[in-house]
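A.B. asks: Return a 3D structure for these sequence lines:
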Amino acid sequence: MMLIFGLMLLLQSAACLDQYCRLNQSDICYAALGHKLSLLMVWDTTKHEIKIQQNINYNTDSDPVCTVKNDMKKKSVCDLYWSRTEVTVNAGTLIINPVIRSDSGNYTIRVYSSGGTEIFKRDLQVKVEAPIGSVEVSIKCSSSGERRASCSSEGDQILYSWTLNGDPLMDGDSFIDLDTRTDGNISCSVKNNVSHGQKTVEVKPCPGSTAASETSTVTNNSSSVLHFSLIALGCVALILILLFITAYHIYRKKQVKSTPAAAGNEDITYADITYKKKNDTKKAESLPPADVEYVAIQHQRKRKERKEKKEEVEYGEVTFTPNQSSARPRPQEESIYSQVHRC
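C.D. replies: Numbering: from 1, shown residues only. Sure thing, here's the model as predicted:
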């Protein structure tokens with residue numbers, strides 16, 4: 001069943017390539033290479049004699065000719081088609097099947113009456129063209145993400161036309177450039193004077209083209225993100241440095257305030273103070289040694305002097321004699337040492 005269906009399609013395709021021309025037509029008669037050409041000369045060849053001459057040198061004596069009478073080729077006057085069995089005449093119609101390249105050319109056809117009088121003469125131009133073969137469409141990508149659709153086919157005198165989703169595009173070239181936003185179905189139509197063909201393909205993103213198309217955006221975004229990230233990191237680093245410097249100064253100030261002055265940097269003066277008692281009526285008696293109190297007098301100097309000078313201690317003895325009325329007799333003297341700090 002499939003084989004029969006395929007043969008039917010092949011026959012239909014072949015029949016579509018068959019060409020039909022008339023002797024009295026003014027335009028060119030196109031014939032498909034390898035296919036059938038039917039040329040209507042007269043309606044009734046029983047009443048008329050027809051002479052067909054192919055104009056090669058435009059010489060009626062030397063150019064090949066063929067005479068047809070009663071739908072029959074005259075052997076004595078048919079050096080044009082006599083050796084070709086594929087050329088026949090039927091009901092005044094010249095049939096060539098299949099057509100070959102040498103069938104192209106200019107022809108002169110003369111029609112004679114039964115008495116041999118020329119009734120009319122016509123000139124006809126025949127052009128043989130190879131029909132359209134299979135149509136192929138390919139899409140190639142460029143490095144920028146753009147695509148180029150190319151169309152190819154076998155055949156002579158090919159004309160191209162493009163449609164995208166049914167809308168016509170540029171005609172006349174075998175390729176067409178598509179931008180990165182183009183999508184849908186693209187069709188290439190190919191035709192010549194004897195046949196036509198068409199191929200439709202889906203416009204798909206090129207391998208990596210979506211990534212390539214987005215890479216630019218992603219790259220730009222990444223570049224921007226990286227740029228701002230570096231700026232943000234720089235700002236954070238600067239803030240951390242400033243915070244560190246501020247914390248360090250605060251720490252140093254607290255250390256200076258909380259650190260007591262070193263003992264070696266102080267000057268201490270000791271004074272020996274003695275209290276001696278007297279009686280109003282009696283002579284002063286020798287008293288036993290009194291308790292001595294020491295007062296440390298501390299002199300604070302500049303740091304520079306502290307580092308350069310050694311400790312200096314001054315001792316002095318001061319004697320106080322209390323009044324008799326207020327002082328109580330003590331068994332011994334009391335010495336008081338006080339430590340005095342100099343600022």
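A.B. asks: Residues in contact with the helix or strand that contains residue 94: which ones?
C.D. replies: If you go by DSSP states H and E, residue 94 is part of strand 93-96. With Cβ atoms under 8 Å, 6 or more residues apart in numbering as the test, strand 93-96 has contacts from 31, 36-41, 52, 68, 84, 86-89, 103. Every C-beta, even on glycine, is put in place using the N, C-alpha and C of the backbone.
A.B. asks: Just the buried residues of these.
C.D. replies: Buried by 16 or more other Cβ atoms under 10 Å: 31, 36-39, 41, 52, 68, 87-89, 103, out of the contacts of strand 93-96.
A.B. asks: quick one: which of these is nearest to residue 137?
C.D. replies: residue 31 (28.2 Å; Cβ to Cβ).
A.B. asks: Is the closest one in contact with residue 103, as I believe?
C.D. replies: Yes: counting by Cβ atoms under 8 Å, residue 103 is a contact partner of residue 31 at 6.3 Å.
A.B. asks: Do you know the pLDDT at residue 25?
C.D. replies: Model confidence at residue 25, given as pLDDT, is 90.
A.B. asks: Report the contact partners of residue 36.
C.D. replies: Counted by Cβ under 8 Å, 6+ apart, residue 36 has contacts 17-19, 95-99.
A.B. asks: so what sits against both of residue 31 and residue 103?
C.D. replies: Residues within reach of residue 31 and of residue 103 at once, by Cβ under 8 Å, 6+ apart, are 37, 96, 126, 128.
A.B. asks: Take these and write them to JSON lines, including pLDDT.
C.D. replies: Below are those laid out as JSON lines (pLDDT from 0 to 100):
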{"residue": "37", "pLDDT": "96"}
{"residue": "96", "pLDDT": "96"}
{"residue": "126", "pLDDT": "96"}
{"residue": "128", "pLDDT": "97"}
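A.B. asks: among those residues, which ones are buried?
C.D. replies: By 16+ other Cβ under 10 Å, the shared contacts of residue 31 and residue 103 give 37, 96, 126, 128 as buried.
A.B. asks: Looking at these, which one is closest to residue 144?
C.D. replies: Taking Cβ to Cβ as the measure, residue 144 lies nearest residue 128 of these, at 44.0 Å.
A.B. asks: Does the closest one touch residue 33 like I think?
C.D. replies: Yes: using Cβ under 8 Å, residue 128 is in contact with residue 33, at 5.3 Å.
A.B. asks: Give me the common contacts of these two.
C.D. replies: Listed contacts common to residue 128 and residue 33 are 99-101; contacts here mean Cβ under 8 Å, 6+ apart.
A.B. asks: Would you mind giving me the ChimeraX syntax to select the buried ones in the residues you listed?
C.D. replies: Buried members of the shared contacts of residue 128 and residue 33, defined by 16+ other Cβ under 10 Å, are picked up in ChimeraX with:
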select :99
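A.B. asks: for the residue nearest to residue 138 when sequence neighbours are not counted, which residues make a bridge with it?
C.D. replies: Excluding the flanking residues, the one nearest residue 138 by Cβ to Cβ, 6 or more residues apart in numbering is residue 150, at 5.2 Å. Under DSSP bridges, the beta-bridge partners of residue 150 are residue 138, residue 175.
A.B. asks: how far away is residue 150 from residue 158?
C.D. replies: From residue 150 across to residue 158, the span is 13 Å (Cβ to Cβ, to the nearest Å).
A.B. asks: neighbour count winner among those two?
C.D. replies: residue 158 (21 against 15; other Cβ atoms under 10 Å).
A.B. asks: where does residue 194 land in three-state SS?
C.D. replies: Here residue 194 is coil, with the state taken from DSSP: H, G, I helix; E, B strand; the rest coil.
A.B. asks: er, residue 254 I mean
C.D. replies: Assignment for residue 254 (three-state DSSP): helix.
A.B. asks: if I look at it, how far off is residue 247?
C.D. replies: 11 Å.
A.B. asks: Report the buried residues of stretch 142-151.
C.D. replies: 145-147, 149, 151.
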